[in-house]
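Asks: Here is my input; please provide its structure:
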Amino acid sequence: MRLRFAPSPTGRLHVGNARTALFNWLLARGHGGTFILRIEDTDAERSTPASEAGILDDLRWLGLDWDEGPDIGGPHGPYRQSERLALYAAHADRLLATGQAYYCFCTAEELERDRARQLAHQLPTKYAGRCRQLLPDDAQRRRAAGEPAAIRFKVPHGREVVFDDRVRGRVAWHTDVIGDFVLVRSEGRPAYNFAVVVDDGLMGVTDVIRGEDHVSNTPRQLLLYEALGYVPPRFAHLALVMGPDHAPLSKRHGATSVGEFRARGYLPEALRNYLALVGWSPGHDDELLPVDELARRFSVDAVSKSAGVFDVAKLDWMNRTYMKQADPARLGALMTPHLRDAGYLTAPDEEGAAFLASLTPMVAGAVDRLEEAPARLRFLFVFDAAAALAREDVAAEFGHGDARGVVAALAEALETAGPLTDRDAYRALVARVKEASGQKGRALFHPIRVALTGETGGPELDLAAPAIDRGAALAPSSGLVPIRSCRHRARAFASALARG
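Replies: You can find the predicted model right below:
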């Protein structure tokens, strides 16, 4: 079994195309097959090396490796279409020599007039066949005179092209609605349908999984496989990925490229697991599965004919779950660029990286994606007692009960207490404040939270307070902005309350 993913390097990798790559990869890996990466870059105006590099990087980030490709080579290379032009020319010559293709000298203006006339008479828009009967000698004479010419495939009349789609079932097209299509454009660049057949034929591709927008290409390609003597692959056309409004997923729905989801702080295992379930079910109500198990269970026959809706809420749930399972050091490293963008650190050293890893229990499970980590951890890096008290929600905490007394008792207890480096030290401190203030429950803990974090909500205090004091002990070389200690915060808050 040989499968391929063949993106055009004209932009970022769309999640719909990433799902196509994933399904091909799962089928190959689940059956001991070969997964090929081929770059379709014959659109010289739009294809860029930067886009190709980005696509390869996104695929690697998703954990999709390949057995043959432009960067690693293989027995059927080259794996960029721009490097295979001689192969396409040789195949076009074969079809010309056997009379299955011919030169077409029609201008763009003539073709547009034909199209307009067909539309006006409600006829199928296809090539009118003007050059189909040209004698080979006449065609050669015109070419020798420098007249530009495309090469068209001579579609046989009166035939029905039928194939069994592994997702959609039996599909049939009549050749009378297809028309003679272009194989090679007048400037020498191969058309998609021609290049893909040559490539798949020479590379021995046995199975093709692709989007349903390619269904109309399949009859043309089957005619070319037949004309060139290649065994056609088995086809499976996937319904497109839709947004919540059941329109094709696009920018107006939010992030659509793998790169955007990466930048927002989704984990690759979460996005990969989620994409596998868009249009396919592993059965047994299982959803969170490691990639090797997804590959073991994947079956094209179980892919739905209906469009899959991209549900960001479900992806967020998966991402939260995977973040809770992630190694703290890895999660801390993945948070780093988001915290850097927020201005909370530069380049953390080993001590700083270890501190970031220790913060992950306050993030994992509490945010949907890592771009939200800076807001969750802001209390560590930004503290201003006066500014906090100027906020209505914070001021309201001191409008009832003995909140001021709790803060005073907290500040006094911290003057003699050691750093709150762990939960036990924090709980011992709280017991002292409770005894000194006579408060308990919300009346005790809310003033403590506000005094230490400047916020009315946030992570559990037995995690937050030790994190504050561990951060305050970091050396300047750690790469993090200075963090004020619990003692400093309580003292500053008590002073701000006294001034108020």
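Asks: so where is the stretch 251-400 of the chain shaky, pLDDT-wise?
Replies: 251 (pLDDT under 70).
Asks: Could I get the full set of strands for it?
Replies: 308-309 (DSSP state E, counting those that start in this stretch).
Asks: Going by secondary structure, the closest residue to Q439 other than its chain neighbours is in what exactly?
Replies: Excluding the flanking residues, the one nearest Q439 by CB to CB, 6 or more residues apart in numbering is V406, at 5.4 Å. Bear in mind the C-beta positions are built from the backbone N, C-alpha and C, glycine included. Element membership of V406, judged by DSSP states H and E, is helix 403-416.
Asks: repeat for W173
Replies: Using DSSP H and E, W173 falls in strand 169-174.
Asks: How about T20?
Replies: Per DSSP H and E, T20 falls inside helix 15-30.
Asks: next one: that helix to chain centre, how far?
Replies: 13 Å (CA atoms, centre = their mean, to the nearest Å).
Asks: could you point out which element follows it?
Replies: strand 34-37.
Asks: quick revisit: restricting to C-alpha, output the helix holding V406 in PDB.
Replies: Extracted in PDB, the C-alpha atoms of helix 403-416 (Å, rounded to 0.1, in the frame of the first residue of the first chain):
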ATOM      1  CA  ALA A 403     -11.300  42.100  55.500                       C
ATOM      2  CA  ARG A 404      -9.000  44.900  56.600                       C
ATOM      3  CA  GLY A 405      -8.300  43.000  59.800                       C
ATOM      4  CA  VAL A 406      -7.400  39.900  57.800                       C
ATOM      5  CA  VAL A 407      -4.900  41.900  55.600                       C
ATOM      6  CA  ALA A 408      -3.400  43.400  58.700                       C
ATOM      7  CA  ALA A 409      -3.000  40.000  60.400                       C
ATOM      8  CA  LEU A 410      -1.600  38.600  57.100                       C
ATOM      9  CA  ALA A 411       1.000  41.400  56.900                       C
ATOM     10  CA  GLU A 412       2.000  40.900  60.500                       C
ATOM     11  CA  ALA A 413       2.300  37.100  60.200                       C
ATOM     12  CA  LEU A 414       4.400  37.400  57.100                       C
ATOM     13  CA  GLU A 415       6.900  39.700  58.800                       C
ATOM     14  CA  THR A 416       8.000  36.800  61.000                       C
END
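Asks: Mind giving me the packing neighbours of it?
Replies: Counting contacts by 3 or more CB pairs under 8 Å, 6 or more residues apart in numbering; DSSP states H and E, helix 403-416 packs against helix 423-437, helix 442-453, helix 486-499.
Asks: What's the mean pLDDT across the second one?
Replies: Helix 442-453 shows a mean pLDDT of 96.
Asks: tell me the domain boundaries of this protein?
Replies: Using automatic domain parsing, the domains assigned to the chain come out as 1-69+239-325, 84-238, 380-499.
Asks: can you redo those domains as a markdown table with mean neighbour count and distance to R340?
Replies: Below are these laid out as a markdown table (neighbours: other CB atoms under 10 Å; distance: least, CB to CB, whole Å):
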| stretch | mean neighbour count | distance to R340 |
| --- | --- | --- |
| domain 1-69+239-325 | 18 | 13 |
| domain 84-238 | 16 | 37 |
| domain 380-499 | 18 | 9 |
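Asks: which one of those domains lies closest to A373?
Replies: domain 1-69+239-325 (7.1 Å; CB to CB).
Asks: now the end-to-end length of that closest one.
Replies: End-to-end distance for domain 1-69+239-325: 34 Å, by CA to CA, to the nearest Å.
Asks: how far does it sit from the chain's center?
Replies: With CA atoms, centre = their mean as the basis, domain 1-69+239-325 stands 7 Å off its chain's centre.
Asks: Stretch 75-90 now?
Replies: 29 Å.
Asks: What ranges does the stretch 251-400 of the chain have for its helices?
Replies: Ranges of helices within the stretch 251-400 of the chain are 258-263, 268-276, 291-297, 312-325, 328-341, 350-359, 373-381, 385-389, 392-396, based on DSSP state H, counting those that start in this stretch.
Asks: In JSON lines, list the ones you listed along with distance to R29.
Replies: What follows is the helices of the stretch 251-400 of the chain, written out as JSON lines (distance: least, CB to CB, whole Å):
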{"stretch": "helix 258-263", "distance to R29": "19"}
{"stretch": "helix 268-276", "distance to R29": "12"}
{"stretch": "helix 291-297", "distance to R29": "4"}
{"stretch": "helix 312-325", "distance to R29": "20"}
{"stretch": "helix 328-341", "distance to R29": "23"}
{"stretch": "helix 350-359", "distance to R29": "32"}
{"stretch": "helix 373-381", "distance to R29": "33"}
{"stretch": "helix 385-389", "distance to R29": "53"}
{"stretch": "helix 392-396", "distance to R29": "52"}
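Asks: So for L249, which of those sits nearest?
Replies: Counting by CB to CB, and looking across all of these, nearest comes helix 312-325 at 10.5 Å.
Asks: Tell me which other helices or strands the closest one touches.
Replies: helix 268-276.
Asks: Could you check the angle the helix it packs on makes with helix 312-325?
Replies: 150 degrees (axes from the mean of the first three to the mean of the last three CA atoms, to 10 degrees).
Asks: Give me the residues contacting helix 268-276.
Replies: Here helix 268-276 makes contact (CB atoms under 8 Å, 6 or more residues apart in numbering) with 15, 18-19, 22-23, 26, 61-64, 258, 261-262, 282, 287-289, 291, 294, 298, 314-315, 318-319, 321-323.
Asks: Can you dump the C-alpha atoms of it in PDB for me?
Replies: What follows is helix 268-276, C-alpha atoms only, in PDB (Å, rounded to 0.1, in the frame of the first residue of the first chain):
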ATOM      1  CA  PRO A 268       0.100  18.800  18.400                       C
ATOM      2  CA  GLU A 269      -1.400  15.600  19.900                       C
ATOM      3  CA  ALA A 270      -4.600  17.500  20.700                       C
ATOM      4  CA  LEU A 271      -5.000  18.900  17.200                       C
ATOM      5  CA  ARG A 272      -4.000  15.600  15.600                       C
ATOM      6  CA  ASN A 273      -6.400  13.600  17.700                       C
ATOM      7  CA  TYR A 274      -9.200  16.000  17.000                       C
ATOM      8  CA  LEU A 275      -8.700  16.100  13.300                       C
ATOM      9  CA  ALA A 276      -8.800  12.300  13.200                       C
END
